[in-house]
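Trainee: Show me the folded form of this:
(chains A and B)
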Amino acid sequence: MDTSSTHLETGAAHEAETLALREQFDTEEQQRDAATLGMWVFLITEILFFGGAFLAYTIYRSSYPAVFGLASSSLNLPIGATNTCVLLLSSFTMVMAVRAGQLGQRKAIIIFLIITMFFGLAFLGIKAYEWTEKFEEHHVPALSNFFLEGTSLQGQAKIFFSLYFAMTGLHALHMVVGVGILLFIIWKTSQGTYSPEYYTPIDIAGLYWHFVDLVWIFLFPLFYLIDRHLPR
Amino acid sequence: MNQHGEPSHHVDSVRTYVGVLIALLIATIVTALVATLDLGPFNIIVALGIACVKMMLVVLFFMHVRYSTLLTRLVMIGGLMWLAILLLLSFVDFGTRGWIGVPGK
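Mentor: Have a look, this model is predicted:
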């Protein structure tokens, strides 16, 4: 930087302020691609993390298909389907926020991120209601009053509900983290940090949010829809 | 657009995103309704098939993988292969344990 002209120095000061282009990158595109690649590497670790839980679910389900079908049918399908739609809507508003970021529409970014956060909180609220139902129905495996109607194999039913709480709980935890990330991005947007040249954090937050949506896209059929057609 | 007037990133139209959203919502309703029909062993295949279609829509459009670099795609496919190893080898282990029997039992 010691050879820079006055013009370049003001340019560097401007960049330092907006973080538009850091010095280790040649172009904005390269910087963006590097950030995207890094986020995907993180998302892969998340895929494998949830993959282990899905593996446990699949093995137990294949071992105890009858009780898992019965327990699965006891879940509240309308609520599960509603929550899926809420999450898909939040993904839509998230991608609209990223689009507004690409176009440099600061107000639109903030509005879409607030709507996204609202949908995320709505999802968590519905989830909390659903969990409350489980407590009332005595479907919480950790409690001594656990009982699933229609089977004598309560141990297998407990495994199903343990997986249900663990996997939807981990997913809900990711949602809480996502809401925190959105709050941060909203704050930084209102500070004027982002521009069409530098909106990478919005983009990366979007990738995280869509990933959490993806996990639910698989949780929903596996927990709510399996063997629901079987006669009871 | 960067300072030179060249597109440095792709901006999809609002129409595209609305279309993807409608497709996702319809797929959700269809999968919930189909689950109540008795298709025998095909129930699970239909449910996971629809989930995979939804995943592809989200990944390609919302996560912009349509425009991502070859390196990013390669890393993603590599990650999915590790997931496949995790799942397949575990299923093979679990599914064949009863074939040989445990010595001394």
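
Trainee: Could I get the contacting residues of residue 48?
Mentor: Reading this off chain A. If you count contacts by Cβ atoms under 8 Å, 6 or more residues apart in numbering or on different chains, residue A:48 has them with B:79, B:82-83, B:86. All C-beta atoms are positioned from the backbone trio N, CA, C, and that covers glycine.

Trainee: I was thinking of chain B, sorry if that wasn't clear
Mentor: Here residue B:48 is in contact with A:218, A:221 (Cβ under 8 Å, 6+ apart).

Trainee: Give the phi and psi angles for it, as a check.
Mentor: Here is the backbone geometry of residue B:48 (degrees, to the nearest 10): phi -70, psi -30.

Trainee: Report the separation between it and residue B:66.
Mentor: Separation of residue B:48 from residue B:66 (Cβ to Cβ, to the nearest Å) stands at 23 Å.

Trainee: hmm, back to that, state the pair within the contacts of residue A:48 that is farthest apart.
Mentor: Across the contacts of residue A:48, no pair lies farther apart than B:79 and B:86, at 10.8 Å, counting by Cβ to Cβ.

Trainee: Which of the two has more residues huddled nearby?
Mentor: More neighbours surround residue B:79 than the other of residue B:79 and residue B:86, with 19 against 16 (other Cβ atoms under 10 Å in any protein chain shown).

Trainee: any idea which of the contacts of residue A:48 is the one closest to chain A?
Mentor: Nearest to chain A among those, counting by Cβ to the nearest Cβ, is residue B:79 at 3.2 Å.

Trainee: Hmm, that closest one is touching residue A:47, no?
Mentor: Yes - counting by Cβ atoms under 8 Å, residue B:79 does reach residue A:47; the two are 6.0 Å apart.

Trainee: okay, now residue B:73: neighbour count?
Mentor: Other residues lying near residue B:73 total 12 when counted by other Cβ under 10 Å.

Trainee: Just the pLDDT for the residue nearest to it when sequence neighbours are not counted.
Mentor: Excluding the flanking residues, the one nearest residue B:73 by Cβ to Cβ, 6 or more residues apart in numbering or on different chains is residue B:65, at 6.9 Å. Turning to residue B:65, the model gives it a pLDDT of 91.

Trainee: Likewise for residue A:207?
Mentor: Looking at residue A:207, its pLDDT is 96.

Trainee: Now do the contacts for the residue nearest to it when sequence neighbours are not counted.
Mentor: If the residues on either side of it in the chain are set aside, residue A:207 comes closest to residue A:39, at 5.0 Å by Cβ to Cβ, 6+ apart. Counting by Cβ under 8 Å, 6+ apart, residue A:39 touches A:204, A:207-208.

Trainee: between those residues, which is nearest residue A:197?
Mentor: residue A:204 (15.6 Å).

Trainee: List phi and psi for residue B:69.
Mentor: Backbone geometry at residue B:69, expressed as degrees, to the nearest 10, gives phi -70, psi 160.

Trainee: What about the closest residue in space to it that isn't next to it in sequence, how many residues nearby?
Mentor: Leaving aside its sequence neighbours, residue B:69 sits nearest to residue A:33 (Cβ to Cβ, 6+ apart; 5.2 Å). Burial of residue A:33 is recorded as 16 neighbouring residues (other Cβ under 10 Å).

Trainee: in chain B, which helix has the most residues?
Mentor: Ranked by number of residues, the top helix in chain B under DSSP state H is helix B:70-100.

Trainee: helices or strands up against it?
Mentor: Other elements packing on helix B:70-100 under the criterion 3 or more Cβ pairs under 8 Å, 6 or more residues apart in numbering or on different chains; DSSP states H and E are helix A:28-63.

Trainee: What's the mean pLDDT across the helix or strand following the helix it packs on?
Mentor: Where DSSP states H and E defines the elements, the next helix or strand beyond helix A:28-63 is helix A:65-74. Across helix A:65-74, pLDDT averages out at 90.
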